[in-house]
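# Attaching a predicted model along with its sequence, questions to come.
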Amino acid sequence: MVAEAGYFAIEILVVAFAGGAIGAAMGGMAALGLSGLVIVVGEVANAATGAATGSAGAIGLTSQIGYGPALGPHVAFAGGVAAAAYLGRHEEPDSFPYHRAKDIFTPNGARVDALLAGGAFGVIGYWLAALVRTFALPVDPVMASVLVSGLLARIAFGYPLVGSISEGLLDMSPYERGEIRTALEGHDEADPTRLAVEPWVPHQQRWLQQALLGIVVGVFGAYVTYVTQRYYLVFGLAMATLTITVAGVDRFPIVHHIAFPAGIAALSMPAMGIEVALALGAGFGLVSAVIAEFSGRILYAHADTHVDPPAFAIVVTTLVIGLLTAAGIFEQGLIPAF
């Protein structure tokens, strides 16, 4: 859906670099919230004109800015993630409770090296999303790019790919007990202040919490999408609420990875009624919430940098949607099928 101009169109690469640098300056989470706000405005404007998102008659706020090469998560958010990973090698966290390389909340301002790191990964994120589109992979290209970009930043700045695991890989109880990280055999990683395990979102880390949140947000996302017939509106709304988290409001849930696949699924069986749409939304919301928590425990909790659990969940759930479309079970116009 993003207006692409090839891998090496200078004007797009310049925009992607700028978007990544802006994400580094304001912090990844704020950039993601801003992306959501732009998408909401774009989808409301397109709904008012009756134009399909990304079509010739549509306003380009969603396709070219909020989910495109200017502020798309694969550019701006990825730039913020990469800048945090870079700075984790050069400074200690201030008030952030985890490793500095995971701090995607704190703005980095006009620090030149952070801007350059963010800009570089903005370009990489654009290329990765374009590559997914070139091969018509049955996943959301933007979130696939976010996931791969986070792993590349981890490798590029010299961090272990998974991290140090002293307890069970899925066990978050050391966090609840307040245990401190100690050096493992063969690793000099003792830190007298760092927690042994760092949950992705501590206030929604329990499996039952995730499951229930997935169902209720999935139903909500499916309803909004079914009524508006807009894939991206509820996704933008959910991302826009991240600005509340950035503002420091405790315990506000992170749910954009639930709303997006639930909304796509809701429009995937158009011959059925709203009851089926809501059921599909609940099912895909539940699955996506649980997958995000699982990936957070695998790729985030024991590691040093931010690899995005919501992106992982969206990649998996959109892959399922693409495969179901290829099998002729689903009918939808967003995720390509093999």
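Nice, thanks for sending it over.
# I'd like the distance between residue 98 and residue 74.
23 Å (Cβ to Cβ, to the nearest Å). Every C-beta, even on glycine, is put in place using the N, C-alpha and C of the backbone.
# more neighbours, these two?
Set residue 98 next to residue 74 and count neighbours by other Cβ atoms under 10 Å: residue 74 wins out with 36 against 18.
# What is the burial count for residue 103?
26.
# actually residue 90, not the one I typed
Count around residue 90 with other Cβ under 10 Å applied: 12.
# where along the stretch 101-250 of the chain do the helices fall?
112-134, 141-156, 173-176, 207-228, 233-240, 242-246 (DSSP state H, counting those that start in this stretch).
# need the least confident one among these, by mean pLDDT.
Of all the helices of the stretch 101-250 of the chain, the minimum mean pLDDT falls on helix 173-176 (a mean of 84).
# Can you point out the buried residues in that helix?
Judged by neighbour count (16 or more other Cβ atoms under 10 Å), helix 173-176 contains these buried residues: 174-175.
# Tell me the gap between it and the middle of its chain.
Taking Cα atoms, centre = their mean, to the nearest Å, one finds helix 173-176 lying 25 Å from the centre of the chain it belongs to.
# what do you get for stretch 102-114?
Per Cα atoms, centre = their mean, the centroid offset for stretch 102-114 relative to its chain is 18 Å.
# Pull up the distance across that stretch, start to finish.
14 Å (Cα to Cα, to the nearest Å).
# And for stretch 290-302?
First-to-last residue span, stretch 290-302, Cα to Cα: 18 Å.
# hmm, who's touching that stretch?
102, 162-165, 169-170, 172, 175, 197-201, 204-205, 207, 210-211, 214, 257-258, 306-307, 309-310, 312-313, 316-317 (Cβ atoms under 8 Å, 6 or more residues apart in numbering).
# now this protein, which segments are flagged as low pLDDT?
1-5, 56-57, 164-167, 182-193, 337-338 (pLDDT under 70).
# Quick one: closest of the helices of the stretch 101-250 of the chain to residue 106.
Among the helices of the stretch 101-250 of the chain, the nearest to residue 106 by Cβ to Cβ is helix 242-246 (9.6 Å).
# Counting by contacts, list what whatever helix or strand comes next after the closest one packs against.
Following helix 242-246 in sequence order, the next helix or strand is helix 256-266 (DSSP states H and E). On a contact count with 3 or more Cβ pairs under 8 Å, 6 or more residues apart in numbering; DSSP states H and E, helix 256-266 meets helix 207-228, helix 233-240, helix 274-295, helix 309-326.
# picking up where we left off before, which of the contacts of stretch 290-302 are buried?
The buried subset of the contacts of stretch 290-302 - by 16+ other Cβ under 10 Å - is 102, 163, 165, 172, 175, 197-201, 204-205, 210-211, 214, 257-258, 306-307, 309-310, 312-313, 316-317.
# just to revisit the earlier point, identify whichever of the helices of the stretch 101-250 of the chain lies nearest to residue 12.
Going by Cβ to Cβ, the one of the helices of the stretch 101-250 of the chain nearest residue 12 is helix 112-134, 6.9 Å.
# Quick check: buried residues in the closest one?
114-130, 132-133.
# contacts for stretch 103-122?
16-30, 75-88, 90, 93-94, 96, 149, 152-153, 245-246, 306.
# now it, how far from the centre of its chain.
17 Å.
# just stretch 255-273 next, same as before
17 Å.
# May I have it as CSV, with CA atoms only?
Taking Å, rounded to 0.1, in the frame of the first residue of the first chain, the C-alpha atoms of stretch 255-273 are listed here in CSV:
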residue,chain,number,x,y,z
VAL,A,255,-2.8,-3.4,22.0
HIS,A,256,-2.1,-2.3,18.4
HIS,A,257,-0.8,-5.8,17.6
ILE,A,258,-4.2,-7.2,18.7
ALA,A,259,-6.4,-4.7,16.9
PHE,A,260,-4.7,-4.9,13.5
PRO,A,261,-5.0,-8.7,12.8
ALA,A,262,-8.4,-8.7,14.4
GLY,A,263,-9.6,-6.0,12.0
ILE,A,264,-8.1,-7.8,8.9
ALA,A,265,-9.8,-11.1,9.9
ALA,A,266,-13.1,-9.3,10.5
LEU,A,267,-13.2,-8.4,6.8
SER,A,268,-11.9,-11.8,5.5
MET,A,269,-15.2,-13.6,5.2
PRO,A,270,-17.4,-10.9,3.6
ALA,A,271,-20.3,-13.3,2.9
MET,A,272,-20.8,-13.9,6.6
GLY,A,273,-22.4,-11.5,9.1
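# buried set for it?
Quick answer for stretch 255-273 (16+ other Cβ under 10 Å): 255-269.
# follow-up on the earlier one: mind putting the helices of the stretch 101-250 of the chain into a markdown table with distance to residue 47?
Output for the helices of the stretch 101-250 of the chain, formatted as a markdown table (distance: least, Cβ to Cβ, whole Å):
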| stretch | distance to residue 47 |
| --- | --- |
| helix 112-134 | 25 |
| helix 141-156 | 21 |
| helix 173-176 | 43 |
| helix 207-228 | 6 |
| helix 233-240 | 8 |
| helix 242-246 | 22 |
